[in-house]
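Trainee: quick one, structure for this:
(4 chains)
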Protein chains: 2
Amino acid sequence: MGMFSKSTEYAIRAVFYIAKSTQLGRKVGIKEIASNIESPEAFLGKILQELSKNGIIRSIKGPNGGFYLTEEEMNKKLIEVVKAIDGDNIFTGCGMGLQQCSEKYPCPLHNEFKAIRNDLTRMLNRITLSQFNDELILGNLNLNRFKVEE
Amino acid sequence: MGMFSKSTEYAIRAVFYIAKSTQLGRKVGIKEIASNIESPEAFLGKILQELSKNGIIRSIKGPNGGFYLTEEEMNKKLIEVVKAIDGDNIFTGCGMGLQQCSEKYPCPLHNEFKAIRNDLTRMLNRITLSQFNDELILGNLNLNRFKVEE
DNA sequence: TTAATAAAAGACAAAATTATCTTTTATTAA
DNA sequence: TTAATAAAAGATAATTTTGTCTTTTATTAA
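Mentor: All right, here's what the predicted structure looks like:
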């Protein structure tokens, strides 16, 4: 695996897609999101459910329903998405998996990992869900295989 | 999960324990390693097998057998351990899980992740297997619950 | 109200990871 | 050469993660 679980990878791509769609004035359904971020549809449904429960995205059922963000969610930070799905083990846990690793009884890599984890945490705390809307709309950034204009 | 898989966490702890034991002039068996790094015995066996196949540790069967390192392995870098068990997806893959993420068609977090991954890679490329031997022997660092002198 | 739409919820299934148990092979020492 | 030791190898099992399918609930529009 990479840095995050697959679930979290899908979650990150999905929130950026939803943010962009909201900026374009449209709610989006699971099907559309899934096909645009290349994730399994039903599985993504579960993930969006979880994000919704955690107040990271909003949803409305029924015709013209779908997922969207308000200004409030637009300003949330990416770290909330990661924590909602993967929990915060990656931010707090010992790099070598020791339960009891601490400043007082450190594992060999304690400080090394702390530095890297802090960088990761800072980065995820800095990025907002709306941050890439414009570039995504312009097609300078992508959430799947293709640039928008191709 | 944390940054690495459980298998890799066990592997890292095990190689440091083996390195330290070699420095103390002793080969060590699976049972001893497992109890000292708090990992399941048989599972650890599999992991050590894999490390052995990859030339990261050495082993001898039979009485007085066990696992150990030569100078050659002592100087290997931790990144080899991680790559042997988890592969190199964490070093090369897209943070958001996109297959096609590249400099030309970057995902939104492309550069952010690159920075963090580079830090991680540099760190693992810097740490040698023997690096913590002295401090482990002194008990200033630990691979399980306890300081050595307690 | 009824039909259609779309998310939520629940049950289930496949795949990957983690873990255990048994048999085989190599090595040593008596 | 035999018995004991210890890793290697193979088979199997449990758990977690990932993924699918069906039913229910909320909402809308006709």
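
Trainee: get me the contact residues on chain A for DNA strand C.
Mentor: Taking Cβ under 7 Å from any atom of the strand as the criterion, chain A approaches DNA strand C at residues A:1, A:28-31, A:42, A:45-46, A:48-49, A:52-53, A:59-67. Where C-beta positions appear, they are placed from N, C-alpha and C, glycine not excepted.

Trainee: buried ones from the residues you listed, can you make that a PyMOL selection?
Mentor: Per 16 or more other Cβ atoms under 10 Å in any protein chain shown, the buried members of the residues of chain A next to DNA strand C correspond to this PyMOL selection:
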select buried, chain A and resi 28+30+45+48+59+66+67
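
Trainee: just the ones of the residues of chain A next to DNA strand C in strands?
Mentor: Members of the residues of chain A next to DNA strand C lying in strands (criterion: DSSP state E): A:59-60, A:66-67.

Trainee: show me which pair in those residues is furthest apart.
Mentor: Maximum pairwise distance in these, criterion Cβ to Cβ, is 8.4 Å, between A:Ile60 and A:Phe67.

Trainee: any residues in contact with both of the two?
Mentor: Taking Cβ atoms under 8 Å, 6 or more residues apart in numbering or on different chains as the contact definition, A:Ile60 and A:Phe67 share the neighbouring residues A:Lys27.

Trainee: return the helix or strand in chain A with minimum mean pLDDT.
Mentor: Ranked by mean pLDDT, DSSP states H and E, the weakest helix or strand in chain A is helix A:89-92, scoring a mean of 92.

Trainee: helices or strands up against it?
Mentor: If contacts are counted by 3 or more Cβ pairs under 8 Å, 6 or more residues apart in numbering or on different chains; DSSP states H and E, helix A:89-92 sits against helix A:78-86, helix A:110-126.

Trainee: so can I have TSV of those helices showing mean pLDDT?
Mentor: What follows is the helices and strands packed on helix A:89-92, written out as TSV (pLDDT from 0 to 100):
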stretch	mean pLDDT
helix A:78-86	98
helix A:110-126	96
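
Trainee: so which of those helices gets nearest chain B?
Mentor: Checking the helices and strands packed on helix A:89-92 against chain B by Cβ to the nearest Cβ gives helix A:110-126 as the closest, at 5.1 Å.

Trainee: pull out the buried residues from that closest one.
Mentor: By neighbour count, and taking 16+ other Cβ under 10 Å as the criterion, the buried residues in helix A:110-126 are A:110, A:112-113, A:116-117, A:120-121, A:123-124.

Trainee: is the helix or strand hosting A:Ile12 in proximity to chain B?
Mentor: Applying DSSP states H and E as the criterion places A:Ile12 in helix A:6-23. Yes: counting by Cβ under 8 Å from any Cβ of the partner chain, chain B has neighbours in helix A:6-23: A:6, A:9-10, A:12-13, A:16.

Trainee: nearest to DNA strand C: which residue in chain A?
Mentor: Shortest chain A-to-DNA strand C distance, computed as Cβ to the nearest atom of the strand: residue-wise this is A:Gly29, at 3.1 Å.

Trainee: that residue contacts A:Phe67, correct?
Mentor: Yes: A:Gly29 is within contact range of A:Phe67, at 7.5 Å (criterion: Cβ atoms under 8 Å).

Trainee: picking that back up, show me what the helix holding A:Ile12 is packed against.
Mentor: Counting contacts by 3+ Cβ pairs under 8 Å, 6+ apart, helix A:6-23 packs against helix A:30-37, helix A:41-53, strand A:66-68, helix A:71-74, helix A:78-86, helix A:133-138.

Trainee: which among the ones you listed is found nearest to A:Lys20?
Mentor: By Cβ to Cβ (comparing all of the helices and strands packed on helix A:6-23), the closest turns out to be helix A:133-138, at 4.4 Å.

Trainee: give the contact list for the closest residue to A:Ile37 other than its chain neighbours.
Mentor: Beyond its immediate neighbours in the sequence, the residue positioned closest to A:Ile37 (Cβ to Cβ, 6 or more residues apart in numbering or on different chains) is A:Arg13, lying 4.0 Å away. When contacts are counted by Cβ under 8 Å, 6+ apart, A:Arg13 is found next to A:37, A:39, A:143-144, B:96-98.

Trainee: check the residues you listed against DNA strand D, which are close?
Mentor: Among the contacts of A:Arg13, the ones lying near DNA strand D by Cβ under 7 Å from any atom of the strand are A:Ser39.

Trainee: and which of the contacts of A:Arg13 is nearest to DNA strand D?
Mentor: The nearest member of the contacts of A:Arg13 to DNA strand D, counting by Cβ to the nearest atom of the strand, is A:Ser39 at 6.6 Å.

Trainee: good, wrapping up.
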